[in-house]
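> Provide a 3D model corresponding to the input given below.
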Amino acid sequence: MNHSKFRAERILHAYVDGELGKSEKQRMLLRLETDERSRKRVCDLQRTKEWVQFSFEGERALSRKLPDSRRRIWAHGVIRVAASFMLLALAFGAGWIGHTVQQPGDLPVALESIIPQSQHVILHIGESDEARFDALLKKTKKILDEYSAQGVQVEVVTNAGGLDMLRTASSRHVNDIRQLIKRYDNVRFIACSKGLQRLREQGQDVRLIDGVYSDEPAADHLIQRLTEGWTLIKI
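The predicted structure is shown next:
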């Protein structure tokens, strides 16, 4: 993406996030009246942002608010800052091209269409719900059994109440998860580091099942994976 296109994309993101000043917002509204492509892009950005927020209610995603010195970034060529912002812009601005969000009831049809297109799948749960987690484990095993030959990679990401499913003090699925991790080298279980920190501050036991990763916030991990083309299935 060249400089002018990146700047235009950045302004669209700022509009969706409510970061434009009054005059900038007025110019954007006038542009949207006549530019169908920009209107469609704004709709895509808004939908993407709302899905991320919905999927991680209670979590704080990466902040992509620009520093006050944003006008000096390009002039001084601060590559590190620009690169970081590019990553976030791509994450929130993916428009779901190449990224599919499926609900549980859609899974039988979804698997047939998802795997050939995206061999990287995230199953996410944010609730302490035994029935849903049972369904998640069954879906995980189904994907691993049926599509391992195609090189599928699967990640189970938990946050908020979903952390209960991966904590040894609260999970009823310790053995099942251990067996999946032991049997398949193409599956990872991930617990949100921020959620674990909150539980720790509340005096909760945050020990995890052996093999579970917990080195970053769930929202940050999801955003990174979406920029890499992973498919999200919310349970």
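> The nearest residue to residue 169 once chain neighbours are set aside: which element?
Distance criterion CB to CB, 6 or more residues apart in numbering; nearest residue to residue 169, sequence neighbours excluded, is residue 205 at 3.9 Å. All C-beta spots, glycine's among them, are computed from the backbone N, C-alpha and C. Counting by DSSP states H and E, no helix or strand carries residue 205.
> Can you give me the neighbour number for residue 205?
Neighbour count for residue 205, taken as other CB atoms under 10 Å: 11.
> Also residue 163?
If we define neighbours as other CB under 10 Å, then residue 163 has 26 of them.
> got it, and residue 209?
19.
> Same question for residue 203.
The number of residues packed around residue 203, counting by other CB under 10 Å, is 7.
> do residue 226 as well
Residue 226 sits with 23 neighbouring residues when counted by other CB under 10 Å.
> In this structure residue 155 contacts residue 191, no?
No - counting by CB atoms under 8 Å, residue 155 does not reach residue 191; the two are 11.5 Å apart.
> Pick out whichever of the two has more residues nearby.
With neighbours defined as other CB under 10 Å, residue 155 and residue 191 compare such that residue 191 has more, 24 against 21.
> Now do the domain split for this structure, please.
3-92, 101-234 (automatic domain parsing).
> where among these is the average confidence lowest?
Of all these, domain 3-92 carries the lowest average pLDDT, namely a mean of 63.
> ranges for the strands of the chain?
Along the chain, the stretches classed as strands by DSSP state E are 101-102, 120-125, 153-158, 187-191, 231-234.
> Export those as TSV, with columns for distance to residue 132.
Below are the strands of the chain laid out as TSV (distance: least, CB to CB, whole Å):
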stretch	distance to residue 132
strand 101-102	14
strand 120-125	6
strand 153-158	11
strand 187-191	15
strand 231-234	10
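> now for the ones you listed, which one comes closest to residue 177?
With CB to CB, the closest approach to residue 177 among these belongs to strand 187-191: 6.1 Å.
> Let me see the contact set for the residue nearest to residue 169.
Going by CB atoms under 8 Å, 6 or more residues apart in numbering, residue 205 touches 167, 168, 169, 170.
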